[in-house]
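Enquirer: generate coordinates for the sequence data below:
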Amino acid sequence: HTASDDAAWQESVFLAWHDPVRGVGGIHRIGTEINRGLSNMWCGVFRDGGACFRRNLDGVALQPYPEGKGFACGPQQFFHDDTVLRWRLKEDDCTVELEVTDLPSGDLWVSNTDSMMAVSVTGHFHHHCRIRGTVRLGRETFEVEGSGWRDHSWGPRHWDAILHHRCF
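Expert: As a prediction, this is how the structure comes out:
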């Protein structure tokens, strides 16, 4: 989206997912605060009771994704290839290749207080989704299929006023 002049303007995408049968899940985010010259990505991939992978990077350039509509930040990519929405992570110790399919009527955003709306909801949606793909965590590779939740937001965000984000 086109940024306003507000220093607090940001845009981000987020995906949390889990395959309960294989016991594999993940959490991913790519974000930018373009007027402050900031961008970041974070991700975590885990296996229930076992291996995990985490990578958080700040100050990595946000790049348009050349093969479709979307963008990349460091080793993570979020894009639509004209067929399906995809999330990709390429690291030596972990790779993720997911197709993301929104569920009908899966918008999670519920009414909130006016003060919360003013600091966190301009240009914002959440969706239940299904994920399917391949994950390599260390030496193990999994074909995954499970549930997820994704978010896309844009507009001014005053992080010091959004208490519910502090858990991340």
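Enquirer: report the next helix or strand after the lowest-mean-pLDDT helix or strand in the chain in sequence order.
Expert: In the chain, no helix or strand scores lower on mean pLDDT, DSSP states H and E than helix 114-120, which sits at a mean of 51. Proceeding N to C from helix 114-120, the next assigned helix or strand is strand 124-137, under DSSP states H and E.
Enquirer: show me what that following strand is packed up against.
Expert: On a contact count with 3 or more Cβ pairs under 8 Å, 6 or more residues apart in numbering; DSSP states H and E, strand 124-137 meets strand 9-19, strand 24-33, strand 38-47, strand 94-107, strand 140-156. Just so you know, the C-beta spots here come from the backbone N, C-alpha and C atoms, and that holds for glycine as well.
Enquirer: which of these comes out lowest on mean pLDDT?
Expert: For the helices and strands packed on strand 124-137, mean pLDDT drops lowest on strand 94-107, to a mean of 87.
Enquirer: ok, that strand: who's next to it in the sheet?
Expert: Strands that pair with strand 94-107, judged by DSSP bridges, come out as strand 85-90 (antiparallel), strand 124-137 (antiparallel).
Enquirer: did I read that right, Ala7 in a helix?
Expert: No - counting by DSSP: H, G, I helix; E, B strand; the rest coil, Ala7 is not found in a helix; it is coil.
Enquirer: can you give me phi and psi for it?
Expert: phi -60, psi -30 (degrees, to the nearest 10).
Enquirer: which residues touch it?
Expert: Asn35, Arg36 (Cβ atoms under 8 Å, 6 or more residues apart in numbering).
Enquirer: could you do the one 10 residues further on as well?
Expert: Trp17 is in contact with Gly25, Gly26, Ile27, Leu98, Cys129, Ile131, Val144, Gly146, Ser147, Gly148, Trp149, counting by Cβ under 8 Å, 6+ apart.
Enquirer: go through those residues and say which is closest to Arg88.
Expert: Minimum distance to Arg88 across the contacts of Trp17 is 7.5 Å, recorded for Leu98 (Cβ to Cβ).
Enquirer: the closest residue in space to that closest one that isn't next to it in sequence: neighbouring residues, count only.
Expert: Excluding the flanking residues, the one nearest Leu98 by Cβ to Cβ, 6 or more residues apart in numbering is Gly133, at 3.9 Å. Neighbourhood size, Gly133 [other Cβ atoms under 10 Å]: 20.
Enquirer: thank you, goodbye.
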